[in-house]
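> Turn this into a model:
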Amino acid sequence: MEVKHEEGIFYIGDNKDHPYTKVTYYYLHDDVIVANQTVSREEFRGQGLARKVVTALIDWARNEGMKILPECPYVSRVMHGSSEYSDMIYKSSEEKKEE
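Numbering: from 1, shown residues only. Predicted coordinates:
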């Protein structure tokens, strides 16, 4: 199934208004987006579609030179659960000082 992208949303399905699964985002800064919600319709859960849209979001952000603030618990779990995505997680200046 193909992942589609429109401003503020990555989704799988016929249209963004009633997708099978989606991850939504908004801009915090020019180079930082906030991934704020992942939703899958019940009949499409457990098929790996949510991970597919989240991965597409991360790949797109990487290609655009952006970081992601994973506000959505699922996106946070995916990003913190893989060293492959750790470079994409936005850290505030306070968090950087603590490292």
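
> burial of E71, as a residue count?
Neighbourhood size, E71 [other CB atoms under 10 Å]: 14. In this view, the C-beta of every residue, glycine as well, is placed from N, C-alpha and C.

> ditto for the one 5 residues further on
Residues within reach of S76, counting by other CB under 10 Å, total 15.

> isn't it right next to I68, touching?
No. Under the criterion of CB atoms under 8 Å, S76 is not in contact with I68, lying 9.6 Å apart.

> Mind listing the shared neighbours of the two?
With CB atoms under 8 Å, 6 or more residues apart in numbering applied, the contact sets of S76 and I68 do not overlap.

> Tell me how far E2 lies from D87.
26 Å (CB to CB, to the nearest Å).

> Packing partners of the helix or strand hosting V53?
Taking DSSP states H and E as the definition, one finds V53 inside helix 49-63. Other helices and strands packing on helix 49-63, by 3 or more CB pairs under 8 Å, 6 or more residues apart in numbering; DSSP states H and E, are strand 9-12, strand 21-29, strand 32-40, strand 67-70, helix 73-80.
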